[in-house]
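>>> Quick one: sequence plus predicted model below, questions after.
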Amino acid sequence: MADKAAQTEQVEQSSGNADSGTAMASRPASAPPRRTPKQLPPYRVLLHNDEVNTFEHVILSVVQLTSVSPRDALVKAIEAHETGVALLLVTHRERAELYAEQFASLQLSVTIEPA
């Protein structure tokens with residue numbers, strides 16, 4: 001024990017101050033307040049009727065490009081045929097624009113509008 005006290009005294013003398021070797025516990029910085037993510041404004045993706053494409057092509061395209069089930073794709077294709085337009089889905093603007101481009105590449109008429 002005497003050896004340990006002597007070593008501590010030597011360390012204190014070499015540092016110039018007995019307190020300088022003691023580290024102060026710093027208080028952790030408070031976390032920034034949680035921010036709730038902003039929701040992107042919703043956009044509708046609308047399928048329009050045309051006299052060029054078959055029901056089969058429309059249904060297969062809707063199923064291929066979206067998460068709409070084959071049964072719902074049939075219902076939406078019939079709705080577009082009978083009323084001229086059908087709501088496919090609602091999503092944020094970037095994805096809606098992507099859907100419009102993808103449907104256009106398959107020669108289907110799709111537009112987007114703010115929901």
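Nice, I can see it.
>>> The closest residue to Glu79 other than its chain neighbours: what secondary structure?
Nearest residue to Glu79, sequence neighbours excluded (C-beta to C-beta, 6 or more residues apart in numbering): Ala86, at 3.9 Å. C-beta here means a position set from N, CA and C on the backbone, and glycine is covered the same way. Of the three states, Ala86 takes strand according to DSSP: H, G, I helix; E, B strand; the rest coil.
>>> Show me what Ala86 is bridged to.
On the basis of DSSP bridges, Ala86 is bridged to Leu47.
>>> Neighbours of it, how many?
Ala86 is flanked by 21 other residues according to other C-beta atoms under 10 Å.
>>> Repeat that for the one 4 residues further on.
Taking other C-beta under 10 Å as the neighbour definition, Val90 ends up with a count of 13.
>>> quick one: pLDDT of the residue lying closest to Leu88 once chain neighbours are set aside?
Using C-beta to C-beta, 6+ apart and skipping the chain neighbours, the partner closest in space to Leu88 is Val45 (4.5 Å). Model confidence at Val45, expressed as pLDDT, equals 98.
>>> All good on my end, thank you.
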